[in-house]
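Engineer: Sequence plus the predicted model coming up.
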Amino acid sequence: MDALVLPSRVVELLRRAAEEGGVSLEDFLMDVATARLDPPERARAYAEAALELLREAEAELARGDLRQASEKVWGTAALAVKAFAYWRDGVRLASHGELWRYAKKVAEELGEWVHDAWAHANAMHVNFYEGWASGEQVAAALNRVRLLVEAVAGRVLGGG
């Protein structure tokens, strides 16, 4: 991943805007960066970002940074659900509530196992703030979310 260096004031403004929107900084920036793309292109961009963030979560876990790994596990699941929404219905999901409702639609199409992956991803979002999960628990969540991301990416990027 290429690093982007921004003045600290710009980063502060971006973080504040993301927080006001109830999303991560990465999610906020992804939305801004893809705003001009049509839904199928946005779906591909989100699926590719989910795969990349999944690799970053694996690297954080290998380094032992459980909180960062946890937040990336959550982020990759959210990006995958957003990719599916753009791919299937051409819709933008802008809140946690919309993500939860759409995750149910993903489960209806891909299978009940999606509920398990989604629940584990959300537990990792909590773990980012609380830091209670063990490395084994983070790894288990990552493995469940990997299935979700790969299934969504297979459809979105493979056209299936």
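Structural biologist: Great, that's in hand.

Engineer: quick one: terminal-to-terminal distance for stretch 26-40?
Structural biologist: 20 Å (CA to CA, to the nearest Å).

Engineer: Pull the distance from it to the chain's centre.
Structural biologist: 13 Å (CA atoms, centre = their mean, to the nearest Å).

Engineer: Show me which positions of that stretch end up buried.
Structural biologist: Burial within stretch 26-40, assessed by neighbour count using 16 or more other CB atoms under 10 Å, is assigned to 26-31, 34, 39. C-betas here are computed from N, CA, C, even on glycine.

Engineer: Just the residues you listed: which are in strands?
Structural biologist: Counting by DSSP state E, the buried residues of stretch 26-40 place none of their members in strands.

Engineer: Just those: which are in helices?
Structural biologist: 26-31, 39 (DSSP state H).

Engineer: Nearest to residue 18, out of these: which one, please.
Structural biologist: The closest of these to residue 18 turns out to be residue 28 (CB to CB; 3.7 Å).

Engineer: tell me the contacts of the closest one?
Structural biologist: 14, 17-18, 21 (CB atoms under 8 Å, 6 or more residues apart in numbering).
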